[in-house]
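Engineer: sequence and predicted structure below; questions after.
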Amino acid sequence: MALRAVLRNKCVLSGLLYQRSSCSSHGRVCATPVLAAQQRNNSSSSPKIDVNFDQSTGVAVMCLQNPPVNSLSLDFLTELCIGVEKLEMDKSCRGLILTSSQPKVFSAGLDITEMYGKSPERCGEFWRAVQEMWLKLYGSNMVTIAAINGSSPAGGCLMSMTCDYRIMADNPRYSIGLNETQLGIVAPFWFKDTMTNTVGQRTTEVALQLGLLYNPTEALKIGLVDQLVPEDQVLATATQTMTKWLAIPDHARAITKSMMRKPTIDKLTSNREADIQYFVNFITKDSIQKSLGMYMAMLKKRKA
Amino acid sequence: MALRAVLRNKCVLSGLLYQRSSCSSHGRVCATPVLAAQQRNNSSSSPKIDVNFDQSTGVAVMCLQNPPVNSLSLDFLTELCIGVEKLEMDKSCRGLILTSSQPKVFSAGLDITEMYGKSPERCGEFWRAVQEMWLKLYGSNMVTIAAINGSSPAGGCLMSMTCDYRIMADNPRYSIGLNETQLGIVAPFWFKDTMTNTVGQRTTEVALQLGLLYNPTEALKIGLVDQLVPEDQVLATATQTMTKWLAIPDHARAITKSMMRKPTIDKLTSNREADIQYFVNFITKDSIQKSLGMYMAMLKKRKA
Amino acid sequence: MALRAVLRNKCVLSGLLYQRSSCSSHGRVCATPVLAAQQRNNSSSSPKIDVNFDQSTGVAVMCLQNPPVNSLSLDFLTELCIGVEKLEMDKSCRGLILTSSQPKVFSAGLDITEMYGKSPERCGEFWRAVQEMWLKLYGSNMVTIAAINGSSPAGGCLMSMTCDYRIMADNPRYSIGLNETQLGIVAPFWFKDTMTNTVGQRTTEVALQLGLLYNPTEALKIGLVDQLVPEDQVLATATQTMTKWLAIPDHARAITKSMMRKPTIDKLTSNREADIQYFVNFITKDSIQKSLGMYMAMLKKRKA
C-alpha cells in the first residue's frame, strides 16, 4: 500500500517522465495557482478541475489541475464528468475549453495505479468512468476546444481528440499520440474509432500499431491537431477560435455534430458492458499486472 | 404572393449575393446565349437547361441557365432529372459535363422560395426532387464532370460533388462548400455522406459544423475540387479530361463506380420517405420559417 | 495449347511489358540467383519463392522468383500461401519481408493464362487461391513489409497493400496501382476495400475508375507507398524498418492490427463463395474471354 500511496496520481499509461513539481506555471491563466492546487490535492475533497464559466461569453474554461501530470484517476474522471454534465445542462453555456494548469503536460493519460493490484470490481468502475468521460465529451452539444499546452499521450490524446478543435503549443519537446502498444497494452476500439475519425484509417493503423507519439509539427501534418501557436498564446487562440465557432447557430451546429459522431458513439453505447468486461479480463491478467508492476517500478526508479 | 413572385428563382440557400443580370457571359461557351435564356425564363415552359449532345464524341454538355443564379427550384430540378435520365438511357451518350451559363455562379443551391410559406405536401414534393437529382447524378453510369465556372455553395456544392471530377475556375472571388449551418439549417445525412466520400471524415466534420465556404485554392487543398484552371479554360479542360476518362472501357468503369458509391446511394434509397418527412417537419417549423423569412427580407433589402 | 504453354507465367493482368530475361539482378540480395531460378522454373516442382528465415532476428525474407515477372499463377499462389502459413505457425518468426528477385518488377499481378480458356472449376480454384493469398497476408499476425524493388501493378499492388509498410525503389520507370479497368475488368470489392483503407475513399474512386498506375513519387504522395529509397537500398531499409516495428510487444501490436483490419477481412470471409461465383461468371463470359485473348495476342506480338 505504501508504494501505491506514493505513486497514486503519478503513474500514468504514457511513459511520460515525472515532472518536477517545483515548475512554475509559465504564465498559464487558469484561475487557481498551481501551487495552491498541489497543496489542496492532499485532501481528497479538493477540486482537481478548475471550472471558470463566463456568463457574458457563454464559454467555460476547464483547467485540469491534478498534479503532477493530470493523470486520469477515478476521482479525477468522476469530477470531470460531473463538471461537463453541469455545463451541458446549463443552456447559457455554449462552449467549453479544456486546458491544463500543470507545466509541460496537458494530461498524461490513464492513472496506472487504478489498474494495478485492484479488484476486478474496482477496475470495472474505473473503466466505466473512462467510457463516461469519452461519451460526455465526444457527444457534447457544446463547442469543445482543446488548448493543448503540454504533452498529451494516451488518455490525454483521447481527451483531446473528443474536442471539435485542437490547438497545441508549438514546443518540440511536447508530444501527442495513442502510445498504448509501447506499454504492451491495446487501445480499445473506441479510441481507435476516434483516431480514425480524426486522421483517417491508414495513419491510425500505423500510429496505433507502433504506439507513435508525434511532436507538434508532425501532429499538425497528419491532422491530429488543427493549429500550432506559441506556448503563451494557446488559451488566447482557443478563446478567439471559440468566438468563430459560436457565430454559428447552436441548434444547426449541434445537430450536424451529432450526425457526424453518432454512429461512433452508438458503437460504444451498445457495447459498453462487454467493453468493460474485456478490459477487466485483460488488465487483471497476471502477465499484464506484472508488466504494469515493472513499469511502475521503472518510473519510481527514474524519479529517485 | 407578390413577394414570392419577385423572389422566385432568386432566393437561394447559400448566402450568395444577387448577381447583376446585366453581366456578360465572359466567353462562356454554352449553346444558348445568356440574354436569350433570361428572356425566355419569363415563361415557365422555357428550358432552364441547355443540353448539347455531341454524337461524335459521346459527350453531352448540360448548361444550367436559370437566371440569375441557377437556384435549384422544383421546376429546374425536374427538368434536370428528365434531362439526365434521357442521356442515361441513350447508350451513345457516355459522358456528361455540367456547367453554368450564368456569370460568376455555377449554382447557388436550393431555391428558398420553395421552402417558405409552402404546404407540407409541396415541401415534400420539392425535397423528393432534390433527392432525385442526387440519386440520378451520383449514381450515373456516365462519366460526369463538373465544370465549375463560378460560385457553388450549398446545393450547388452537392451537385458538383456528385460528379466524377471537378474542375473549378481559379478565381479567388468564387467559393464552394456546404454552408447550411450558417443559415441555421442542417445538411442532411446524404449531403454529409457525399462530402465525407470526397474530402474525408475530419474535414467534413469541421466544414459542416462551421458551414465553411472555400475559395478555389482552399477547395483544391482539401480535395473538394480536383483541378483549378483559368476561368476561360474551365469547359475546355473538362472536355479534355473527359477524353481521358472515356479511354477506359465503359463497362468496367461503371461497375467500379457503382461499387464505390452503392452503399451511400442505398442508404438514401432505403430511407427516402423518412428523409422527406424529416425535412418537411423541420422546414415547416415556425422558428425555421421565421428564419427563412428574415433571410429573404435581408436578401431583398441588399438587392434594393 | 502451344500458345498457352508459351505464355504460361508470362501473361499478366497488368499491361506490363515483357522483361528481358537476360537482365542481371542489380545487386538484389535474394538467396537464389535469378538465373538459377529461371532455369529451375522449367520444372514444376522447383520453388518459385525463396524463403530465408533468420532465427536470430525472427525475420523471414520471402523472395519472389517466378520469372520473368512474378506473375501470380495458381502454383505460385499456392506456394506463397503454404510458405506464409508455415511462418505464421512458427512462433519464433515475428516479421516477414516480401521482395522480388526479378529485375524491374515486384510482381506483375494475376497470371492471365489462369483465366483464359479454362474451365469454370479451374477458374474458381484459381480465384480461391487469390483470396487465400490476401486473407493470409492481410490478416497476418507478423509484421509484414513490402520491399517493392520494381513495378507492382494489379495483383502485385494488392499484395503490396496487404503489408504493414511499403518501401519502394525510387525509380521513375516503376509503377504501382490497381489498373484493372484499363484491361476491361473490375477490381473486386476486397481489392477496393484494401485500397480505400490505404489511400482513402476519394483517391480510390478515381484510381480504380481510371485504372491509374502511379510512379513512385506519385504513389508516395497519395500514401500508396510509405517511403522511397534508392533501388539498391530497398531491402536494407526494409530490414531496418522491421527492427523498429519489432520493438513493439508482438501481442499488443497484433491485436491492434487485427482490430484495424478485421471488418474488412470478415467481409470477404463471409462472402467468399459468392465472390468466387461472381468472378467465374464474369471471367468465363465470351466477351471477356475475347478481350483477354486479344490482350494476350498483343503481348505476344510485342515480345516478338
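Structural biologist: All right, it came through fine.

Engineer: now the strands for the stretch 1-150 of chain A?
Structural biologist: Assigned by DSSP state E, counting those that start in this stretch, the strands in the stretch 1-150 of chain A fall at A:49-54, A:59-64, A:71-72, A:95-100, A:109-110, A:143-148.

Engineer: I'd say residue A:184 and residue A:289 touch.
Structural biologist: No - counting by C-beta atoms under 8 Å, residue A:184 stays clear of residue A:289, with 11.4 Å between them. C-beta coordinates here come from the backbone N, C-alpha and C atoms, glycine included.

Engineer: have a look at those two and say which one is more surrounded.
Structural biologist: Each of residue A:184 and residue A:289 has its neighbours counted (other C-beta atoms under 10 Å in any protein chain shown); residue A:184 has more, 20 against 15.

Engineer: show me what contacts the more buried one?
Structural biologist: Residue A:184 makes contact with A:288, A:291, C:249, C:251-252, according to C-beta atoms under 8 Å, 6 or more residues apart in numbering or on different chains.

Engineer: of those, closest to chain B?
Structural biologist: Distances from chain B to those, taken as C-beta to the nearest C-beta, are shortest for residue C:252 (25.6 Å).

Engineer: now residue A:162: closest residue in space that isn't a chain neighbour?
Structural biologist: residue A:137 (3.8 Å; C-beta to C-beta, 6 or more residues apart in numbering or on different chains).

Engineer: then residue A:214?
Structural biologist: residue A:177 (5.2 Å).

Engineer: and that neighbour, bridged to which residues?
Structural biologist: In this entry, residue A:177 is beta-bridged to residue A:153, by DSSP bridges.

Engineer: now residue A:52, which residues is it bridged with?
Structural biologist: residue A:61.

Engineer: quick check, it in contact with residue A:59.
Structural biologist: No - look at residue A:52 against residue A:59 with C-beta under 8 Å: they stay out of range, at 9.1 Å.

Engineer: neighbour count winner among these two?
Structural biologist: With neighbours defined as other C-beta under 10 Å, residue A:52 and residue A:59 compare such that residue A:59 has more, 24 against 14.

Engineer: which parts of chain A sit against chain C?
Structural biologist: A:180-187, A:189, A:192, A:200-202, A:204-206, A:208-211 (C-beta under 8 Å from any C-beta of the partner chain).

Engineer: flag the shaky bits of chain A, pLDDT-wise.
Structural biologist: Within chain A, the stretches with pLDDT under 70 are A:1-45.

Engineer: hmm, try it at 50
Structural biologist: Residue ranges of chain A with pLDDT under 50: A:1-10, A:15-27, A:31-43.

Engineer: so where do the helices sit in it?
Structural biologist: A:2-7, A:34-40, A:74-89, A:120-138, A:155-161, A:189-199, A:201-210, A:216-222, A:234-246, A:250-269, A:272-283, A:286-303 (DSSP state H).

Engineer: now do the contacts for whichever residue of the stretch 1-150 of chain A sits closest to chain B.
Structural biologist: The minimum distance from the stretch 1-150 of chain A to chain B, using C-beta to the nearest C-beta, falls at residue A:143 (8.3 Å). Each residue near residue A:143 by C-beta under 8 Å, 6+ apart is listed here: A:94-96, A:164-165, A:242, A:245-246, A:253.

Engineer: just the buried ones from the residues of chain A next to chain C?
Structural biologist: A:180-187, A:189, A:192, A:200-202, A:204-205, A:208-211 (16 or more other C-beta atoms under 10 Å in any protein chain shown).

Engineer: which of the helices of chain A is buried the deepest?
Structural biologist: Mean neighbour count (mean count of other C-beta atoms under 10 Å in any protein chain shown) peaks for helix A:155-161 among the helices of chain A, with a mean of 28.

Engineer: just the CA trace of it, in CSV.
Structural biologist: The C-alpha trace of helix A:155-161 is given here as CSV (Å, rounded to 0.1, in the frame of the first residue of the first chain):
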residue,chain,number,x,y,z
GLY,A,155,-5.8,9.0,-22.5
GLY,A,156,-4.7,12.6,-22.8
CYS,A,157,-4.7,12.3,-26.6
LEU,A,158,-8.1,10.6,-26.4
MET,A,159,-9.5,13.5,-24.4
SER,A,160,-8.0,16.0,-26.9
MET,A,161,-9.5,14.1,-29.8
